[in-house]
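Q: My questions are about this predicted structure, shown below with the sequence.
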Amino acid sequence: MASPATPTPTPSTATGGRRQCRGRLALPLPLLVPSCLALLLAEAAGIPTTLDGPFPPVTRSFDRALRRGSDDVPLTDPRLAPRARPPAPEQIALAASADAGSLWVSWVTGRAQVGSDLTPLDPAAVRSEVWYGERSAAAAADSYPHVATGSAEVYSQLYPYPGLLNYTSGAIHHVRLRGLRPATRYYYRCGDSSLPVGLSDERSFTTLPAAGAGSYPRRVAVVGDLGLTGNSTATVDHLAQNDPSLVLLVGDMTYANQYRTTGGKGVPCFSCSFPNAPIRESYQPRWDGWGRFMEPITSKIPLMVIEGNHEIEPQGHGGEVKFASYFARFAVPSKESGSNTKFYYSFNAGGIHFIMLGAYVDYNGTGAQYLWLEKDLQRVDRRVTPWVVAAWHSPWYNSYSSHYQEFECMRQEMEDLLYQHRVDIVFSGHVHAYERMNRVFNYTLDPCGPVYITIGDGGNIEKIDIDHADDPGKCPSPGDNHPEFGGVCHLNFTSGPAKGKFCWDRQPEWSAYRESSFGHGILEVVNSTYALWTWHRNQDAYGENSLGDQIYIVRQPDKCLLQPTSASSLNCPAGGCSSVTSTSSCGAHRDEISGQLFWNVFVIMCVVLICTVEATSIPIFLGLILQL
């Protein structure tokens, strides 16, 4: 077997970096120094940046002698089995609210029931309380200075077909904490303080930083299509070692919707293997096991989710009831962000505005989601949240055979809106492999297009995807890959290297790097223009070498301008701003009239010197500046 291709593109030389730095002199002064420093430090570390792209496509082939997957972890495993006795809380999970001043706490009390003759619990029988403060007070709940209350609900999965097991959940509690201080550690206990052993042990969390161009989460972990297999547990363990302050899960959480029918092994094509099954049964105890397994992370780090196709979980006659588990189990800031549904929402985490979109609800240009997205993007102030990151389950750009062009309809409806508002990064899952694209818009390389990343390699039961649409004999037919929601808009390419074809005959130019391995990603935003993206593989063949792909994603607000916005909305002076882009020149104008002229001149001198110094001299030069 041929050796795999080298995954990391060759970084530019120091001379090229200084040239790129000089080209950034048009940036506003508050952005100029950190941008040039980040660029030169990236080169000193040998990490490429998107400014070096577009990159020639690279594929690291999967060793077919390796296992492509692993079995589900049984519910008897101690990590999945109940550890708390009712009425004590279990499956504790945090979720961010619209801003750093509030946060959601969720948990489950009582025992779920499975069978045919079920009596749902009364969700009001146990209080929904969170006692919290900035100091540890584990001994007694009333020693915390704050208490917040919320509500609880119970949901059921009911099937009118013989042989399928009905389910009714424990009481699922959601409480929103308000008035929190950003970037502050809090200690808390949740449950019902009026009951013996009704409260959880003390846990703690650190709130996200306040929105601002110089304030960012330490690390954002991104994972998709997780499931609960041996590979899934390796991914979660690996993710926890990277110590994120926020986790994004881009759909397909538990794969409970096919567990019992398939004997826990899973199949890639349910209807092919079970043509006589009237409905895809969902074995809901897998949700409870998954919640217990994730609790060590989710009870201290906000987990932000969006629905995938495995959350559809149809039930009832004709499957008319869907997404019951997803809607009941997760608290998301839908109302806080102006959305009327958990299918889509947005929130801020420091200087990042996250937009979570629904691929399994109407996304047409005349629909509610599109209108909400348009308003949400118009409200984003790029001086406060320079970065805009979007996420949904099904990828628009995908060169694997699996799900190839499946959500082309959604792309055709929404891509232009995201491009106009200069969304920086897009995360998706669905395809069980990793792929990072060059900046692209409408299948054309574009320096102002988003960086699309497929991260559906969490480790689920359906095994990893290894075939590419451009491999000989692996191109799906236009009749394949029908989405579980929405229409079919498959197309043949009308220009470029794939003109007149449904599939490319080689890796597409917009596909920068792809590899079939389980893993997760970490996003570390450095400043308003630089963010380090690292994909960590955990396929056992690579041992300690888990760093599979790494690149600095660089925004260019001076070149990729936003649509014009009224001067009044930006608080500009009466004469207006000289130009309205994602980083307005109004801030520099106010600095000058506030007596900052001397500092600006000093900054310019420093930048000129930085942009002419050799990369190897950067640490010495930085030391001299810090001594001034």
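A: Perfect, I can see it now.

Q: Go through stretch 208-217 and flag the buried ones.
A: Buried residues in stretch 208-217, counting neighbours by 16 or more other C-beta atoms under 10 Å, are found at 208-213, 215-217. Quick note: C-beta positions are derived from backbone N, CA and C, even for glycine.

Q: quick one: which of those residues is nearest to Pro497?
A: Tyr216 (37.9 Å; C-beta to C-beta).

Q: for that closest one, what are its contacts?
A: By C-beta atoms under 8 Å, 6 or more residues apart in numbering, Tyr216 lies in contact with 209, 349-352, 525-526.

Q: run the last query once more with 6 Å
A: Applying C-beta atoms under 6 Å, 6 or more residues apart in numbering to Tyr216 gives the contacts 350-351, 525.

Q: On the three-state scheme, it is what?
A: coil (DSSP: H, G, I helix; E, B strand; the rest coil).

Q: ok, now how distant is it from His146?
A: 27 Å (C-beta to C-beta, to the nearest Å).

Q: backbone phi and psi for Ser325, please?
A: phi -70, psi -50 (degrees, to the nearest 10).

Q: burial measure for it, as a count.
A: The tally of other residues near Ser325 (other C-beta atoms under 10 Å) stands at 26.

Q: Could you tell me how far it is located from Gln369?
A: Applying C-beta to C-beta to Ser325 and Gln369 gives a distance of 21 Å.

Q: likewise Pro56?
A: 36 Å.

Q: So for these two, which sits in the more crowded spot?
A: Taking other C-beta under 10 Å, Pro56 and Gln369 do not tie; Gln369 has more neighbours (21 against 12).

Q: So which bits of the helix or strand that that one is a member of are buried?
A: Assigned by DSSP states H and E, Gln369 falls within helix 368-379. The neighbour-count check on helix 368-379 (16+ other C-beta under 10 Å) flags 368-370, 372-373, 376-377 as buried.

Q: and if you look at stretch 295-303?
A: Neighbour-count burial for stretch 295-303, counted by 16+ other C-beta under 10 Å, picks out 295, 297-303.

Q: So which of those belong to strands?
A: Of these, the ones assigned to strands by DSSP state E are Leu303.

Q: helix, strand or coil for Trp533?
A: strand.

Q: And it, how close does it get to Gly115?
A: 47 Å.

Q: In terms of neighbours, single out the busier of these two.
A: A direct count of neighbours by other C-beta under 10 Å for Trp533 and Gly115 places Trp533 higher, at 23 against 9.

Q: how about stretch 171-189 as CSV, C-alpha atoms only?
A: Provided in CSV are the C-alpha atoms of stretch 171-189 (Å, rounded to 0.1, in the frame of the first residue of the first chain):
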residue,chain,number,x,y,z
ALA,A,171,-38.6,14.5,34.8
ILE,A,172,-36.3,16.8,32.8
HIS,A,173,-35.5,20.1,34.5
HIS,A,174,-34.3,23.3,32.9
VAL,A,175,-33.3,26.4,34.9
ARG,A,176,-31.8,29.6,33.5
LEU,A,177,-29.3,31.4,35.7
ARG,A,178,-29.2,35.2,35.2
GLY,A,179,-27.1,38.1,36.3
LEU,A,180,-23.8,36.2,36.1
ARG,A,181,-20.5,37.8,35.8
PRO,A,182,-18.6,36.9,32.6
ALA,A,183,-15.4,34.8,32.8
THR,A,184,-16.1,34.0,36.4
ARG,A,185,-16.1,30.6,38.2
TYR,A,186,-19.4,29.7,40.0
TYR,A,187,-20.2,26.7,42.2
TYR,A,188,-23.6,25.2,42.2
ARG,A,189,-25.9,22.4,43.3
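
Q: list the buried ones in that stretch?
A: For stretch 171-189, using 16+ other C-beta under 10 Å, the buried residues are 171-177, 180, 182-183, 186-189.

Q: which one of those is nearest Phe502?
A: Proximity of these to Phe502 (C-beta to C-beta) peaks at Ile172, which lies at 44.7 Å.

Q: after the helix or strand hosting the closest one comes which helix or strand?
A: Using DSSP H and E, the element containing Ile172 is strand 171-177. From strand 171-177 onward toward the C-terminus, using DSSP H and E, the following helix or strand is strand 185-191.

Q: quick one: that following strand to strand 171-177, angle?
A: Inter-element angle recorded for strand 185-191 and strand 171-177: 150 degrees (by axes from the mean of the first three to the mean of the last three C-alpha atoms, to 10 degrees).

Q: Helix or strand next in line after strand 185-191, which one?
A: Beyond strand 185-191 toward the C-terminal end (DSSP H and E), the next one is strand 203-206.

Q: Now do that next one: which elements does it pack against?
A: strand 185-191 (3 or more C-beta pairs under 6 Å, 6 or more residues apart in numbering; DSSP states H and E).

Q: list the contacts for Asn438?
A: Asn438 neighbours (C-beta under 6 Å, 6+ apart): 53-54, 445, 510, 512.
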